[in-house]
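> I'd like to go over a predicted model; first the sequence, then the structure.
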Amino acid sequence: MQNADMHTTDLQLDLARRIVAHLRDRSAPAGARVSSAELAAEFRVSRSPVTRALTLLLERGILEKTPTGRLAVVRDMAGVELDAVVPASETEELFTRIMRDRARGELPAEVSESELIPRYGASRGLIRRLMMRFAAEGLAERQQGHGWRFVASLDATQLKASYQFRLIVECSAFRIPDYDAQPERVEQLRLGHERILSLGRNAGADEWFQVNAGFHEALASFSGNPFLVSAVQQQNSLRRMWESAIYQELSIDRIRISCNEHLSILDAVDKGNLEWAESLMREHLKKAGGL
């Protein structure tokens, strides 16, 4: 069984890794300010573990203190290799394993910590922290009394309906008056896809999902309509577990094709050709969903 110090270190590593991924996905430039309060809100945790994680990143030379005492990134984060900076801990690997087991139907929707402890050979404290992370990321909720319930997720029988719904929602976003594509965000999205293309199979399931989901959510957000954004976010949440489970089955060609289709849509949006962007998005979703 791990001791308390190892628990703290594991939590520190996991949160540090998520912070680096957050900065990378937003292509934070050298000198960009890092706020513990903003990160705590982003990850729905208290500032104490965020502060410990930031201390680790200071020690590893990813962050530095400015003359005013604030924290800032040392280098451009767009092309940073996550595993080289903060390798995945055993806790991170177990989080992914539980998510895949649930997506494959090997775990029931309702589970107790007592059931998970022997199944994964982990301590109660570790299982509880993992389930709290699932809850913080909107993937599970605590049951009244005891136990946890994973939120609904897609399965093979629901994929077609999901893509039919997304066709309606995501394509309509381009028709909203005053659709406003933010050049800086478009460039961040482009860099994220180019990173996936350069990494190939070395890009993990979580990184691919974040880039993919971020693309669809951002394009909806440019419409300025919060209901469209909410609908896309809900679909992203539903498909996260499923896509984590099938990632290893995706061919590298399938990932590259998807990335290049996304990049073509971004090019159309960047040029203000929203009719073409909508047409490309429609074909992209129809192909992905087998419609």
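The structure has been received and is ready for your questions.

> can you give me the helices in the stretch 51-200 of the chain?
Taking DSSP state H, counting those that start in this stretch, the helices of the stretch 51-200 of the chain run over residues 82-85, 90-103, 113-120, 124-136, 159-172, 183-199.

> ok, and what's touching the first one?
Contact partners of helix 82-85, identified using Cβ atoms under 8 Å, 6 or more residues apart in numbering, comprise Arg17, Val20, Ala21, Arg24, Arg60, Ile62, Glu207. Quick note: C-beta positions are derived from backbone N, CA and C, even for glycine.

> likewise for the longest one?
Residues outside helix 183-199 that contact it (Cβ under 8 Å, 6+ apart) are 24-27, 78-79, 203, 207-208, 210-211, 214-215, 218, 222, 255-256, 259-260, 262-263, 266, 269-270.

> does Arg97 touch Ala122 like I think?
No - Arg97 is beyond contact range of Ala122, at 10.3 Å (criterion: Cβ atoms under 8 Å).

> neighbour-wise, which of the two wins?
Between Arg97 and Ala122, counted using other Cβ atoms under 10 Å, the more crowded position is Ala122 (21 against 13).

> run a quick neighbour tally on Phe227.
10.

> separation between it and Ser198?
As judged by Cβ to Cβ, to the nearest Å, Phe227 and Ser198 stand 36 Å apart.

> next one: Leu107
34 Å.

> more neighbours, the two?
Ranked by neighbour count (other Cβ under 10 Å), Leu107 and Ser198 place Leu107 first, with 17 against 10.

> pLDDT score for that one?
Looking at Leu107, its pLDDT is 89.

> list the contacts of it.
Neighbours of Leu107 in contact, by Cβ under 8 Å, 6+ apart: Ile98, Asp101, Phe150.

> out of those residues, who's the most crowded?
Highest neighbour count within these, by other Cβ under 10 Å: Ile98, with 26 neighbours.

> so what's the residue nearest to Phe165 when sequence neighbours are not counted up against?
Leaving out its chain neighbours, the residue that sits closest to Phe165 by Cβ to Cβ, 6 or more residues apart in numbering is Gln235, at 7.1 Å. Counting by Cβ under 8 Å, 6+ apart, Gln235 touches Ser162, Phe165, Arg166, Val169, His216.

> quick one: the residue nearest the centre of the chain and Asp25, what's the gap?
Geometric centre of the chain, nearest residue: Gln210, 3.4 Å, by Cα atoms, centre = their mean. Gln210 is 6 Å from Asp25, where distance means Cβ to Cβ.
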